[in-house]
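> have a look at this prediction, sequence included:
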Protein chains: 4
Amino acid sequence: MDMDLKITNGKIVTASDTFSGELGIERGKIVQIAEKIKDSAAEVVDAQGLYVFPGGVDVHTHLDMPFQGTSTCDDFKTGTIAAAFGGTTTIVDFAVQTKGTTLKGALDAWMKKAEGKAVIDYGFHIAIAYLDEAIMAEIPEVVAMGVSSFKCFLAYKGALMIDDGTLYRILQKAKEAGALVSIHAENGDVLDILIKDCVAQGKVEPKYHALSRPPAAEAEATGRGIALAQMAGAPIYIVHLSCKEALDKVKEARDAGYPVFAETCPQYLLLSYENYLEPDFKGAKYVCSPPLRDKANWEVLWKGLAGNDLQVVATDHAPFNFKGQKDMGRNNFAAIPNGSPGIEHRMSLLFQAGVNQGRLSLNRYVEVTSTSPAKLFGLFPQKGTIAVGSDADLMIFDPKAPFEISAKTQHQNIDYTPYEGFKGAGVCKTVFSNGKVIVRDGSFLGKPGNGRFLKRKPFRM
Amino acid sequence: MDMDLKITNGKIVTASDTFSGELGIERGKIVQIAEKIKDSAAEVVDAQGLYVFPGGVDVHTHLDMPFQGTSTCDDFKTGTIAAAFGGTTTIVDFAVQTKGTTLKGALDAWMKKAEGKAVIDYGFHIAIAYLDEAIMAEIPEVVAMGVSSFKCFLAYKGALMIDDGTLYRILQKAKEAGALVSIHAENGDVLDILIKDCVAQGKVEPKYHALSRPPAAEAEATGRGIALAQMAGAPIYIVHLSCKEALDKVKEARDAGYPVFAETCPQYLLLSYENYLEPDFKGAKYVCSPPLRDKANWEVLWKGLAGNDLQVVATDHAPFNFKGQKDMGRNNFAAIPNGSPGIEHRMSLLFQAGVNQGRLSLNRYVEVTSTSPAKLFGLFPQKGTIAVGSDADLMIFDPKAPFEISAKTQHQNIDYTPYEGFKGAGVCKTVFSNGKVIVRDGSFLGKPGNGRFLKRKPFRM
Amino acid sequence: MDMDLKITNGKIVTASDTFSGELGIERGKIVQIAEKIKDSAAEVVDAQGLYVFPGGVDVHTHLDMPFQGTSTCDDFKTGTIAAAFGGTTTIVDFAVQTKGTTLKGALDAWMKKAEGKAVIDYGFHIAIAYLDEAIMAEIPEVVAMGVSSFKCFLAYKGALMIDDGTLYRILQKAKEAGALVSIHAENGDVLDILIKDCVAQGKVEPKYHALSRPPAAEAEATGRGIALAQMAGAPIYIVHLSCKEALDKVKEARDAGYPVFAETCPQYLLLSYENYLEPDFKGAKYVCSPPLRDKANWEVLWKGLAGNDLQVVATDHAPFNFKGQKDMGRNNFAAIPNGSPGIEHRMSLLFQAGVNQGRLSLNRYVEVTSTSPAKLFGLFPQKGTIAVGSDADLMIFDPKAPFEISAKTQHQNIDYTPYEGFKGAGVCKTVFSNGKVIVRDGSFLGKPGNGRFLKRKPFRM
Amino acid sequence: MDMDLKITNGKIVTASDTFSGELGIERGKIVQIAEKIKDSAAEVVDAQGLYVFPGGVDVHTHLDMPFQGTSTCDDFKTGTIAAAFGGTTTIVDFAVQTKGTTLKGALDAWMKKAEGKAVIDYGFHIAIAYLDEAIMAEIPEVVAMGVSSFKCFLAYKGALMIDDGTLYRILQKAKEAGALVSIHAENGDVLDILIKDCVAQGKVEPKYHALSRPPAAEAEATGRGIALAQMAGAPIYIVHLSCKEALDKVKEARDAGYPVFAETCPQYLLLSYENYLEPDFKGAKYVCSPPLRDKANWEVLWKGLAGNDLQVVATDHAPFNFKGQKDMGRNNFAAIPNGSPGIEHRMSLLFQAGVNQGRLSLNRYVEVTSTSPAKLFGLFPQKGTIAVGSDADLMIFDPKAPFEISAKTQHQNIDYTPYEGFKGAGVCKTVFSNGKVIVRDGSFLGKPGNGRFLKRKPFRM
């Protein structure tokens, strides 16, 4: 046999191009793209009538993460299997450093969590919650180890939150080391007061989670992070941007030519404040930070995606079961673990609401879910595209196949989904990781431990 | 032989990807992209150490155009040969309708100008200077004939200028017909007064061309055109945007999610108002509209290109000889024919000032000079990319080869170049049109008449 | 007797100050302001518990004006009597020049309309609808005659509308002559098409008046007028600004330091698009240009007034009877005469909705209804304030007295009021013109012909 | 005698009015304003050819203040005498609370500093550097005692700086209590790093004071303070705004209708970064925070004043002698006491650079130096205007009299002035405090201890 694998008759889509053609794969990599591949192949997959997309790249997941006294309920096995079912073939998860831990210590701990479990390739950002001279010295070291991005929290006062001086130092050091700093942008000082005030006034239902985290607090922190990045001459990446007010800060900076980037998530495009009003404490399912916003933000965010003021859609997958976890906050929204699942459904949800509803072109769909995150986080062109030499992480996607999301049928290891009952068209038929089929027609064919740690390259604008 | 042509060992660059690989071409089209092409080919071109780019697409040229009592001095033969030498393999020129002519009449006239002369493929926009019911009825007809874009002038009062009502009607009709309207955005009413006031005051040197066309007049007309497009629910494209003030209008509209697009030209990125002060009437060489601006605009425009507020770099190639044409205005700047050459030098100038100087990535360079204009003007994916199925319009580009621009060595049929003495690195070695070599190492190998008229597809956002 | 008149025990309010005190008046002028006036006076008016305000200055009225084939139904007698009842003691009306008339001719015609009729002082702007060299030469002449402001229409195509060149010339000339140019800012070219399209589609009800004059058309013309003024180095004044989109243009210019001024009218602060939906053609009562907008604009305009982005509230009083005039457009909104009455009710409406509802301070109320228009239009300090040396144009105002507006009880010579049924507190008890009582407790005590023509001073920023 | 004092023949100027008239004063208050006062008076001051202005109100002074290990070198005697010579008749100084002190303790300490010394009336803001429940409880108490404004520092990390949570709590409490919060807006966290980095790199000359405090750090903190105020529903006042970047934040908020106010100081209107380059360590004289900026900011700030985006000009008078104080930082700019004198020269400098140079009208001059600060800080109409019932704090001002500023002739108790050699026209001839002459023709006639503590009213928008 000349080749390991041939994908024939498909419509191949990249961030820039759409064309009919065939793909030839050897040694886990794409070696040929052609009108017609003459060579024989050990396996031939017919993609007649289907799209061939690069596999999804989800740069914001939290698997097996301790948080608020509990832990996210997907580990690197269940979480990556769910990802694979949804067409996501690469994740970048967060190793979380806390006071008393080193960056390498945090990375090491998360490497162990993933080892032997992940079914797709993965990388790590490191979240920095404490900084001293020794930690600063580690920054270039971990970049050299393939961790070319860091995350800082401007929220979660008393826990992960850092002050402006710490953020500024990290921006300085990261820039020197070739790393991109991302921020969770909410003013933790103000939120802390607003939350306390709510609780003191007996306002403890889930909706107060949203009302104590107003858009203005996100916008302020977004603007502040951008200002600090400008002063440091560093790029910055805003995670999980949720609202117009924050997006306006990003637009202002980008209009002025600053290297400011931002991601949003399906929950901010498809769910809203109204979900918090669901009865029987069901609003707790949607407690994530930033909170869900008014629906008026939806079109603003979609336009931001279409127009490139937002570059990435990631999930912030941070699953906590409704029973046993979310209900820790039944009497106090502040005790509800913050987070919501989505790693499995991103690609179909975005296809339905983005492509089918005319908000994103096919190419832009690929760009925001795969190419652009791969580029920003040092994974391109290994991941994020269909090009000669790239890893054969691919999904064959049926744009007509209907789907309906339900907790009953999902692979995420959690007892609910915020998208219960969402319907649409656009389903992953076959998923390849490094040239191997890992999902076919609803069956998982991969293997825990086959996912490799990705040494990511330094950030380049 | 299996194939007509193979390009081996190159670094292939598209708007999205950069990779080492080989291209296989048959019947004028790209049929294979591979790590290594095993098939044999009638011709093999080795691109070792070189870039393989999609050929340039220049959507703003004026060949063989009567204007201000004279005519541009490149026709479709000399102009397209010059384009070919510079790596541009597609142009979209302007057929100009005037009162008393129909759109089809104008198109027909320009078809005749190109026929038998063009050495590369070409399309036409139609500039509309007069509108009535009959002309309106022609709009869908010429779109069906492959002319999916129109141009309107808000400048040149008493000549090409139309009023807001006419522009609005054209926007309405063009939108229905699937065409994109572009505008020359300067307030012709005000310019007319400013020019008359200058001349009346004896201010007749070339610099008064610029001083009588202030940035505010361009910004106003840009904003007005955008406002009319918004009211008509139509997309709009601003040609030859020259300054920060106008770009701010575009940014504002794009931030709000409107389908507003804009091009700039090498002259606005590389030349400035100071050129008008050159002695001995040499400032006349730079008389084009909008005029050259202060240098402070350069970085603003580069950042606009990098950040996608500007999508296209075209040339507005409108050559008039210094002797015999420009000097018609020796005693009155208002009589200097407006226009400046550039069709030959765009790709090298942009590479040097954009890529080599770190303002544009390689991919973005390809996007603004080729992919994005092809997409906006209905030529994609036939033109503007390197993908299976696309026309084999390619240039093999040596990024290290030095160049120095001079009227003595140029192929443009004009007695000067505004870029005289500009030096840099980045030269077209070999240029292919539809799979055939038309330029190799400084020799022209193409043939007048080989260029085909391109029926462009309707505009799609 | 030492004095002609004393006003005792009042709370005196100016644009800057509020204090308890007494006023002494001689020869029609204020000669003393004191804690207690010891001098005796021929007449003593006790203002215990009441405000003493400077009389209102309404700089936008159309009395006895031919328009759209009919004429406004208040002349200088009925109109100024109505004004007086409402506490307005100065108006600036519009003399309208048309093609074939000179500016002096227009002024003369309007002087005749006012002569022997006006009961309060008045001045004139001149609306210029046609310009040539001779008209231009008249500009400084009429300024010297006391007409230091002109109005240009960017709307009403084919009638009053002028082109950008004409506006630019007027801005140039007016600046030299010390005059302020005001504009009716709507894009007449686009409106003309939108109106024709509506009518052609059988959309002839009053609401289509609004739907064919979108906010975007007002914003565009506002921005254009401002841009032309900037290029001419001239100040500009936007009449009857109605919406957020237009106000944003004003804010942008003022933030940049340009001398841009704007007025709004009670109808844009208190009425809305919904009024057009009133049954039985009653929507026609509200047909004025620009049209009434969505209610969301109300707070934006109020904040603009409070924050000084809007400086003036005038009425654009242009009354047409519902029967016999408005109903000319029963089958076609385009035939409804544009205009709406308000000269009588401005001061009470603004007091109720502005002061009583906490949107304007007492001082700001005086400023926007009296001081600021007087300053902008060359009447200050003769009019617009309570200061030593100023004309004793005053109103004694009971802030607690209730009012209810009704056509039955109004003094405007028209068969309806758009404010029918509006209630509030704040009524003019006594009104003085040049030191003489003209209204007392609902009785008119003035005399037609007592109003004097005001030679206004040149504009000074 | 009927009256205590008459001021005759003057041109009286308020924030709104300018007129010829006479003033009658009894019991320290203005009791009559008239064309001609018939009553006799114990003292008659002829103001022929002169302006009569309300006395200046300087709401930002630091007399007898310990800071950076030393103390400002004007106490309440020398400082208020200098103020009086310059026509300033009211100051609001800062009582500074630090950790371990109560608000009342701080107020008490400052009351003692002023007692028996001040020659003009004075009030106090309290600067809050530490907050707990007990301090919060004091806020309404001190407001009731006449301290209706507080100041918070976002700069001076490790000293006066508070965190966002503390600012937010203060904004909440102050709003409830009717007080206005002002902020020193620079990002202290970032400055702390920039200063340390400079010193570590041996960059210790005075200019590094400016280079380590960039405009972006001021703009960020300005925007943050405004955002927090918006979330708290509270007004906010930005002290000593120095640059375009910060002013843009104020404009954005004011355009949106938020109650945001800002002051600038003469040093930011008249001095610039270039002063730091003066040889022999003389640059240290200009070390104040925020630092002096590029000259390009001057016109931006003047336009901000003219257009009411800036409402106040105060001095931030914080004098430190060049010898013995400023030179503490000869080897390290960070040890130079931050502050610069100006209490004496504000009124003349502003008149020259503002009124004489056409940037401010006479009325606006009065407004920004007297009326507007009095209104914002609860002193109006007792202070800040010339109206019946107001305190007779007045200055008679000769607009033609020349001045030249020099340390040799000043009354400020400091060995230099940053305005050395500044010349212009506009000098205070006679100054009245509560109806008594305290300065006449260069002689001081007042008495330490005559100045009264002013109980200021709560803030009202």
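Done, it's in.

> may I have the phi/psi pair for residue A:106?
phi -60, psi -40 (degrees, to the nearest 10).

> what's the burial count for residue A:305?
25 (other C-beta atoms under 10 Å in any protein chain shown). For every residue, glycine as well, the C-beta is placed using N, CA and C.

> not counting sequence-adjacent ones, nearest residue to it?
residue A:368 (5.7 Å; C-beta to C-beta, 6 or more residues apart in numbering or on different chains).

> adjacent strands (with direction) for the worst-scoring helix or strand of chain A on mean pLDDT?
Ranked by mean pLDDT, DSSP states H and E, the weakest helix or strand in chain A is strand A:66-67, scoring a mean of 91. When sheet partners are counted by DSSP bridges, strand A:66-67 sits next to strand A:70-71 (antiparallel).

> give me the mean pLDDT for the partner strand.
Average pLDDT, strand A:70-71: 93.

> hmm, who's touching that strand?
Strand A:70-71 is contacted by residues A:64-65, A:320, A:325, A:328, A:337 when judged by C-beta atoms under 8 Å, 6 or more residues apart in numbering or on different chains.

> anything in the longest helix seen in chain A near chain B?
The longest helix of chain A (DSSP state H) is helix A:215-232. No - using C-beta under 8 Å from any C-beta of the partner chain, helix A:215-232 stays clear of chain B, with a minimum separation of 13.7 Å.

> may I have the strands that pair with the helix or strand just after that helix, each with its orientation?
Note on helix A:215-232: by DSSP states H and E, the next helix or strand toward the C-terminus is strand A:236-238. Next to strand A:236-238 in the sheet, as set by DSSP bridges, lie strand A:180-184 (parallel), strand A:260-264 (parallel).

> in a markdown table, list these along with mean pLDDT and mean neighbour count.
Converted to a markdown table, the strands paired with strand A:236-238 look like this (pLDDT from 0 to 100; neighbours: other C-beta atoms under 10 Å in any protein chain shown):
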| stretch | mean pLDDT | mean neighbour count |
| --- | --- | --- |
| strand A:180-184 | 98 | 25 |
| strand A:260-264 | 98 | 26 |
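
> would you turn the ones you listed into TSV with distance to residue A:29?
Listed next are these as TSV, based on distance: least, C-beta to C-beta, whole Å:
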stretch	distance to residue A:29
strand A:180-184	26
strand A:260-264	28
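
> can you get me the start-to-end distance on stretch A:148-166?
18 Å (C-alpha to C-alpha, to the nearest Å).

> give the buried residues for that stretch.
A:148-157, A:160-162, A:164-166 (16 or more other C-beta atoms under 10 Å in any protein chain shown).

> can you say which of those are also within reach of chain D?
Among the buried residues of stretch A:148-166, the ones lying near chain D by C-beta under 8 Å from any C-beta are A:157, A:164-165.

> from those residues, which is closest to residue D:23?
Proximity of those to residue D:23 (C-beta to C-beta) peaks at residue A:164, which lies at 52.9 Å.

> from residue C:243, how far out is the closest one?
According to C-beta to C-beta, to the nearest Å, residue A:164 stands 40 Å off from residue C:243.

> can you check residue A:201 too?
Distance from residue A:201 to residue C:243, by C-beta to C-beta: 39 Å.

> more neighbours: the two, which one.
More crowded of residue A:201 and residue C:243, by other C-beta under 10 Å: residue C:243, with 24 against 9.

> quick one: contacts for the more buried one?
Here residue C:243 is in contact with C:215, C:218-219, C:268, C:290, C:293, C:297, C:300 (C-beta under 8 Å, 6+ apart).

> count the residues that sit near the residue lying closest to residue A:456 once chain neighbours are set aside.
Leaving out its chain neighbours, the residue that sits closest to residue A:456 by C-beta to C-beta, 6+ apart is residue A:378, at 3.6 Å. The number of residues packed near residue A:378 is 25, by other C-beta under 10 Å.

> confirm that residue A:378 sits in a strand.
No - looking at residue A:378 with DSSP: H, G, I helix; E, B strand; the rest coil, it is coil, so not inside a strand.

> sec struct for residue A:409, please.
Classified using three-state DSSP, residue A:409 is coil.

> likewise residue A:6?
Classified using three-state DSSP, residue A:6 is strand.

> touching, residue A:160 and residue A:128? I think so.
No - the criterion here is C-beta atoms under 8 Å, and residue A:160 misses it with residue A:128 at 9.1 Å.

> rewinding a little: between the contacts of residue C:243, which is closest to chain D?
Distance to chain D, by C-beta to the nearest C-beta, is smallest for residue C:300 among the contacts of residue C:243, at 7.8 Å.

> hmm, who's touching the host helix or strand of that closest one?
For residue C:300, the element it lies in under DSSP H and E is helix C:296-306. Helix C:296-306 is contacted from outside by C:241-244, C:247, C:250-251, C:262, C:264, C:268-270, C:272, C:310, C:313, C:354, C:359-360, C:364, C:368, D:256-257, using C-beta under 8 Å, 6+ apart.

> which parts of it are buried?
Buried-residue list, helix C:296-306, by 16+ other C-beta under 10 Å: C:297-298, C:300-306.

> for residue A:161, see how far away the closest residue in space to residue A:211 that isn't next to it in sequence is.
Leaving aside its sequence neighbours, residue A:211 sits nearest to residue A:198 (C-beta to C-beta, 6+ apart; 7.0 Å). Distance, residue A:198 to residue A:161, by C-beta to C-beta: 19 Å.

> same question for residue A:68.
14 Å.

> do residue A:116 as well
33 Å.

> and for residue A:404?
On the measure of C-beta to C-beta, residue A:404 and residue A:161 end up 40 Å apart.

> could you do residue A:379 as well?
Relative to residue A:161, and taking C-beta to C-beta, residue A:379 is found at 29 Å.

> and what of residue A:105?
As judged by C-beta to C-beta, residue A:105 and residue A:161 stand 20 Å apart.

> please apply the same query to residue A:411.
34 Å.

> what's the answer for residue A:110, then?
Residue A:110 is 21 Å from residue A:161, by C-beta to C-beta.
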